[in-house]
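Undergrad: structure here, sequence nowhere to be found:
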C-alpha cells in the first residue's frame with residue numbers, strides 16, 4: 001500500500017461520494033492516478049464496497065438495530081471462522097466481528113421490531129450447535145456512527161456581543 005492509496009482511503013472513508021476529479025485536486029495528483037488506484041484497491045479487496053449512511057429515525061420507517069454478543073465453542077482446525085460465516089449468511093445480519101474479552105463474536109442486525117430481532121436470536125442464532133450464550137443490546141439512539149454525528153445542532157444565528 002503506497003502513500004497515495006492511504007490518502008485516498010482516508011478521504012473516501014468519510015465521504016464515498018467524492019468523485020475522482022475532486023480527489024485528484026485535493027490530493028494533488030491526476031484523475032487517472034486516482035482512478036487507477038481505486039480500481040487496484042477494489043480488485044485487491046482493500047475497498048470492499050460503498051455505503052450510504054441513513055438516519056432511519058428521520059424516515060418514519062420502523063427499524064430496530066441490535067448488538068448481540070455471542071459466546072461460541074470454536075471448532076478444531078477452523079476456529080471461529082466457520083461459525084462466523086454461518087451467522088453472516090443470514091440476511092438479517094449486517095455485521096459480524098471477532099472480539100477479545102468475555103464474548104467471541106459481535107453480531108449486528110436490524111429488524112422491523114424488537115419481537116422480530118428477539119425471534120431471530122431465539123430461533124436462529126441461539127439454536128446453532130456451537131453457540132454457548134448470547135446477550136442482546138438494542139440501540140435506542142445513535143449519536144455518532146462511522147465518524148458521522150447523527151444530529152447536528154443548529155448554529156445560533158445571533159451575533160456574539162462582548163463588553
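TA: Structure received. What you see is a predicted model; the values in this text were computed from it and never measured. Residues are numbered from 1 along each chain as shown.

Undergrad: per the annotation, how does the protein divide into domains?
TA: Domains of the chain are assigned by automatic domain parsing as 3-43, 56-141.

Undergrad: would you list those domains in JSON lines and tack on mean neighbour count?
TA: Every residue, glycine included, has its C-beta placed from N, CA and C. Formatted as JSON lines, those follow (neighbours: other CB atoms under 10 Å):
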{"stretch": "domain 3-43", "mean neighbour count": "14"}
{"stretch": "domain 56-141", "mean neighbour count": "14"}
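
Undergrad: mean pLDDT added to those domains, as JSON lines?
TA: What follows is the domains of the chain, written out as JSON lines (pLDDT from 0 to 100):
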{"stretch": "domain 3-43", "mean pLDDT": "94"}
{"stretch": "domain 56-141", "mean pLDDT": "94"}
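
Undergrad: can you add distance to residue 155 and give these back as JSON lines?
TA: Converted to JSON lines, the domains of the chain look like this (distance: least, CB to CB, whole Å):
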{"stretch": "domain 3-43", "distance to residue 155": "21"}
{"stretch": "domain 56-141", "distance to residue 155": "19"}
